[in-house]
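Enquirer: Okay, predicted coordinates and the sequence, questions at the end:
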Amino acid sequence: MALRRSRQRTVDIWPGFVDALSTLLILIIFVLMIFVLSQVFLGHALSGREEALLRLNQQISEMAQLLNLERRTNEDLRSNLSQMSGQLVEAQTQIEAMSAGNRQADQQVAALRDDIAALKALRADLERQISERDRLLAQGEGRIEEQERISEQARAQAALLRQQLDALRQEMARLADALDAAENVTAEQKAQISDLGRQLNRALATKVQELQRYRSEFFGRLRDVLGDRADIRIEGDRFVFQSEVLFASASAELEPQGREQLAQLATALLDIARSIPPEIDWILRVDGHTDRRPIATAQFRSNWELSAARAISVVNFLIQEGVPPHRLAAAGFGEYQPLTPDSGPEALSRNRRIEMKLDQR
């Protein structure tokens, strides 16, 4: 037979506080997880920024070297141009001197003029190279300025990330302190709850012992009233009626003999109930059981329905005899809680029964 555990209505002042502490711990753990993830992401971001700064510095160094090389090349070209200009002036002076001389120097003059033309062409080419070098130099300086600006932005972002990381570390330390304080409070609350649980268990055990005393008295009264019958017996904390005492086969209608027996039971129960203290919230539980043979009639489609109907019939009769309805409960178990697994006639008869138990809510 399935036993029903007793329930005690008590006022517990701690569950709400413990729930609040549990919610706080969950929030703290969540914030710590967010902080850890933020540290990971910030670490990756800072690492990427530092690598980018290194690459930018390398590029700036390379471009600075190229600019220095271009400057030296331009200075060399300007030096060559200055030398060519001096040579050109010297050649023109010689031409003028030779023109004022004699005609024999015409061939030398023509050669000098060719040299002058070649020098002018070379001069033009050198000037073009210088202009190109100046343009490349200007572009290089612009790129350096841009790279320096980007580098400054990266340094500012890195400094901001470091500030945020420091703030997160401070917040983590604060949360750790709060967590330690909460754990200390929780330990104290657990100790108090444990003490309350022990007190509750002691009180419950006391109530169970009191109910056990009244149950024994109730069963003793029933034994005196009903007599020493084989079909009405006490098994553990239950008073057992064989179904044949109360009902006809496949019926949930109480027989006259069964009504007489139950009337005596109700009288004994009401007499005992007057002496039970009001703080003991007792209840008489009525359980219906059948044998394993299946039933399928117009009234009952299964043994579940037959066992439940018989238990309800007993409860209704006890209510008519004056037992308060709130002190009664009915349950049907069908054939699924047998006293013996055998299938002989005696075993089947033993399993067909009504059990009553004086219990606590």
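Expert: Arrived safely.
Enquirer: Quick one: list the elements packing against the helix or strand where Ala331 lies.
Expert: Using DSSP states H and E, Ala331 sits in strand 328-332. Judged by 3 or more CB pairs under 8 Å, 6 or more residues apart in numbering; DSSP states H and E, strand 328-332 is in contact with strand 282-289, helix 303-320. Yep, even glycine has a C-beta here, placed from its N, CA and C like the rest.
Enquirer: Averaged pLDDT, the longest one. What do you get?
Expert: Along helix 303-320, the predicted confidence averages to a pLDDT of 96.
Enquirer: Just the angle for it relative to strand 282-289, thanks.
Expert: 140 degrees (axes from the mean of the first three to the mean of the last three CA atoms, to 10 degrees).
Enquirer: what comes up buried for helix 303-320?
Expert: For helix 303-320, the buried set under the neighbour-count rule, 16 or more other CB atoms under 10 Å, comprises 303-315, 317-318.
Enquirer: quick one: the strand holding Ala331 to strand 282-289, angle?
Expert: 20 degrees.
Enquirer: Can you show me the strands along the chain?
Expert: 232-235, 238-242, 282-289, 328-332, 353-360 (DSSP state E).
Enquirer: strand partners of the second one, parallel vs antiparallel please.
Expert: To tie it back to what came earlier, the one meant is strand 238-242. Strand pairing for strand 238-242, using DSSP bridges, gives strand 232-235 (antiparallel), strand 353-360 (antiparallel).
Enquirer: could I get that strand in CSV with only the CA atoms?
Expert: Provided in CSV are the C-alpha atoms of strand 238-242 (Å, rounded to 0.1, in the frame of the first residue of the first chain):
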residue,chain,number,x,y,z
ARG,A,238,-3.7,0.2,8.8
PHE,A,239,-7.1,-1.2,9.7
VAL,A,240,-8.1,-3.7,6.9
PHE,A,241,-11.6,-4.8,5.9
GLN,A,242,-12.0,-7.6,3.5
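Enquirer: Would you map out the domains in the protein?
Expert: Annotated domains of the chain cover 15-195, 229-360 [automatic domain parsing].
Enquirer: if I look at Glu346, how far off is Thr340?
Expert: Using CB to CB, to the nearest Å, one gets 9 Å for the distance from Glu346 to Thr340.
Enquirer: and if you look at Phe30?
Expert: 58 Å.
Enquirer: same deal with Ala308?
Expert: The gap separating Ala308 from Thr340 is 22 Å, by CB to CB.
Enquirer: show me the contacts for Val315.
Expert: Val315 makes contacts with 286, 328-330, as judged by CB atoms under 8 Å, 6 or more residues apart in numbering.
Enquirer: Pull out the buried members of the residues you listed.
Expert: Neighbour counting over those (16+ other CB under 10 Å) leaves 286, 328-330 as the buried ones.
Enquirer: Can you tell me which of those residues comes closest to Leu21?
Expert: Leu21 has its nearest neighbour among the buried ones among the contacts of Val315 in Ala329, at 38.2 Å by CB to CB.
Enquirer: For the closest residue to the closest one other than its chain neighbours, which residues are in contact?
Expert: Of all residues not flanking Ala329 in the chain, Arg285 sits nearest, at 4.8 Å (CB to CB, 6 or more residues apart in numbering). Arg285 is in contact with 4, 329, 331, 356-359, counting by CB under 8 Å, 6+ apart.
Enquirer: Max pairwise distance over these: which two?
Expert: Ala331 and Leu358 (14.8 Å).
Enquirer: Looking at those two, which is more packed in?
Expert: Legend: neighbour count by other CB atoms under 10 Å for Ala331 and Leu358, higher for Leu358 (24 against 18).
Enquirer: ok, that one to Leu328 distance?
Expert: Between Leu358 and Leu328 the distance is 11 Å, computed by CB to CB.
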